[in-house]
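> How does the following fold in three dimensions:
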Amino acid sequence: MENDIYQVYEDEIHSLEEEIEMLTQKFENNEQESTFYSDEEIQVSGKSHQGDSKWHESPPDLKPELECLKSDLSFLMKFTGIWFTNYSKETVEKTGNKIIQKHRLSGNCCSLPFQMEFQLLEIQDDESIPAVVTDLSIIMECGEYSDLSKFVSCAEEQGSLLQFFRSLSFFAEWYEHRKCTFQHFKAKYPDIVRLPAGSSGDYLVIRSHELSGFELIIVWKIYVDEEGRVTPVLDLLPRIPAQALEDKVTTVENGPQCFRSMLHLLGIEASIENLIQSVSMEK
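The predicted model follows:
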């Protein structure tokens, strides 16, 4: 009888040992996965700990680190001009060590708002393989901005987030510079300067009151090449009426070359200023 009782205990102990071994093996196999949680799991976990005051308090040693990260993020947003307003993600696929997540975010760079959606493929067990961005879709209000439309199409084709944000920062900087420059000259010379496409357009028109039909059109494009390099390109297009004098025609025909030389010597604003003053002082 006593031996039977011991046998029962031994069987129970053996069963528990097997269960512990199984759970240990399961834990080791899923150790890496334990660091990934969905938003729903985080919310449920947070609710289950509402009664625990320690859950709501950040460890003292993490608070300075959190403040430092916030400060760094604020600096980066001010430095690049890129501000994120909304962000969400969802797990599309999770098989073995492969995770595919869909990310959605929106924000603005200077005065250019944007939205994007993309999938991110990660291989957990191989740090040598970088995460791969696929199905990148960018929504921006391109409208009449042909430069911006080409830039967005190029970024979607290449699927490089780093290149997109870096190029977007430079593009937006030149875009704002062009816009402010056009607004400045329109306000300073309202009777001479016209902006047919608005201050956000890519050209400015200087017209002469002394010679009807005579105009100088300053075209200011912002190009983005396949490698994401942003380059502003300015040129001068004269519009000459048929009744213009011969000496005047010769001078105007050499205008584009002279304008490009002025850009190198004086810069954009000073070159436009000189053109406007030369037209306004013509007799």
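
> Domains in the chain, by residue range?
Following automatic domain parsing, one gets these domains for the chain: 80-172, 175-280.

> In the longest strand along the chain, which residues are buried?
In the chain, assigned by DSSP state E, the strand with the most residues is strand 82-95. Judged by neighbour count (16 or more other CB atoms under 10 Å), strand 82-95 contains these buried residues: Ile82. C-beta here means a position set from N, CA and C on the backbone, and glycine is covered the same way.

> again with stretch 194-212
Buried residues in stretch 194-212 (16+ other CB under 10 Å): Arg194, Ser199, Ser200, Gly201, Asp202, Tyr203, Leu204, Val205, Ile206, Arg207, Ser208, Leu211.

> Can I take it that the second one is in a helix?
By that I understand Ser199. No. Ser199 is assigned coil when assessed by DSSP: H, G, I helix; E, B strand; the rest coil, not a helix.

> which ones are touching it?
With contact set as CB atoms under 8 Å, 6 or more residues apart in numbering, Ser199 has these partners: Lys179, Phe182, Gln183, Lys186.

> and Gln115, how far is that from Met77?
For Gln115, the distance to Met77 equals 17 Å [CB to CB, to the nearest Å].

> Check Leu112 too.
Per CB to CB, Leu112 is found 14 Å from Met77.

> More neighbours: the two, which one.
It is Leu112, of Leu112 and Met77, that has more neighbours when counted by other CB atoms under 10 Å, with 19 against 14.

> Where does the prediction get shaky in the stretch 101-250 of the chain?
Within the stretch 101-250 of the chain, the segments meeting pLDDT under 70 span 126-128, 142-148, 241-250.

> swap the cut-off to 50 and go again
Along the stretch 101-250 of the chain, segments meeting pLDDT under 50 span 247.

> if you go through it in chain order, where are the helices?
All helices of the stretch 101-250 of the chain, identified by DSSP state H, counting those that start in this stretch, fall at 146-158, 161-188, 246-253.
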